[in-house]
Every structure is written in C-alpha cells, then in structure tokens.
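In: Predicted model and sequence below, questions to follow.
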Amino acid sequence: MLNIKIKILDKRLGGDFPLPQYETALSAGMDLRAMVDSDFVLNPGEVKMVNTGFAMHIADPDVTALIVPRSGLGYKHGIVLSNLTGVIDADYQGPLMMPLWNHSNEPFKICVGDRVAQMLFVPVLHANLEITDHFDEESERGVKGFGSTGI
C-alpha cells in the first residue's frame, strides 16, 4: 500500500488554491502550483527554483515520485524543468521545489498559483548487478543502437 505523507507548508494551498490533484479521472500526474510570494517573469535562458508549497515523505521503498513538465507549457512557451525530470526518493522528507527553465526566446510571466509542473507516482524496481563475461542468450538486435531500427 502506498504510504505518502504530505505536509502543507503554504496555508494558501487548500485555502486560496487547491491541493495538488488529478485534473481528470484518467490523469497520470497531479498538477503542481507555483506557490511563490509574488508573480515573476522568467526570462529567456533563466532558471528559477520555485516552491510547490508543501513537503513530502513517500516512505514506501517501492515508490518514487517523478516531477515532469506540463506539456502545454513546454510546447507553447518553452517552460520546462532545468533537470528535465525530478526524482523524489522515498526517504526524502523536505520541501518540494521545481527548477523552472525558460528555454524559449520570450519572457514568460508566472503568477502565484499557476500550475507549472506535474507529479507522477511510479513503482521502483531495484536491480541486482552481476558481473559476467557473456549474456546467456543473444537477442535479435544485439549491440545495434542509436537509430539502428530506422526512422
């Protein structure tokens, strides 16, 4: 069972603004808001660390949270995460922050409470690494990579 503790750090969440939530019944990710003190402009090429307004502790070792851009902001305005995907480990217990990056050529205004990223909860598989001289079976693809299957 998923055991996630979320502590709200910003009293505007759940009051002036909704808590993180799934926007439709089949959404994979919860939208995350910019819970900043005031509106700001993210200039071309600029990165700014933006608070979500809450801290979290997943606690379940079989789960991680991924923080990813919202596709519309990335496609229409060039606003993505500077680390592209954030990984929130199960033992992290701090504030959730988002490094927003404007990779467009235009300034972009972010207002208090804007939905700027999304969070997905996904299962974690832990691998056991083993040193070997060879693979037990050859695959059809073998060592072919980087475009070997065509366009």
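Out: Alright, I've got the coordinates.

In: contacts and neighbour counts: CA atoms only from here.
Out: Fine.

In: Quick one: residues contacting the residue nearest the centre of the chain.
Out: Residue closest to the average C-alpha location in the chain (Cα atoms, centre = their mean): Ile67, at 0.8 Å. By Cα atoms under 8 Å, 6 or more residues apart in numbering, the contact list for Ile67 reads 85-88, 98, 117-120.

In: With neighbour count, secondary structure and distance to Lys11 added, can I get those in a markdown table?
Out: As requested, the contacts of Ile67 are exported to a markdown table (neighbours: other Cα atoms under 10 Å; DSSP: H, G, I helix; E, B strand; the rest coil; distance: Cα to Cα, whole Å):
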| residue | neighbour count | secondary structure | distance to Lys11 |
| --- | --- | --- | --- |
| Thr85 | 15 | coil | 27 |
| Gly86 | 18 | strand | 24 |
| Val87 | 13 | strand | 25 |
| Ile88 | 20 | strand | 23 |
| Met98 | 27 | strand | 19 |
| Ala117 | 25 | strand | 20 |
| Gln118 | 22 | strand | 20 |
| Met119 | 23 | strand | 20 |
| Leu120 | 16 | strand | 23 |
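
In: Would you mind checking which of those is nearest to Gly147?
Out: Nearest to Gly147 out of the contacts of Ile67 is Thr85 (Cα to Cα; 23.5 Å).

In: Residue ranges in this protein under the pLDDT threshold?
Out: Low-confidence segments of the chain, defined by pLDDT under 70: 1.

In: longest single strand anywhere in it?
Out: Under DSSP state E, the strand in the chain containing the largest number of residues is strand 47-57.

In: what comes up buried for that one?
Out: Within strand 47-57, the residues that count as buried by 16 or more other Cα atoms under 10 Å are 47-48, 50-57.

In: what's near enough to touch Arg141?
Out: Contact criterion Cα under 8 Å, 6+ apart gives no residues in contact with Arg141.

In: what about it, helix or strand, and which?
Out: Using DSSP states H and E, Arg141 is not contained in any helix or strand.

In: Okay, it and Tyr75: tell me how far apart.
Out: Counting by Cα to Cα, to the nearest Å, the separation of Arg141 from Tyr75 is 33 Å.

In: just Asp114 next, same as before
Out: From Asp114 over to Tyr75 the distance is 16 Å, taken as Cα to Cα.

In: Okay then, goodbye and thanks.
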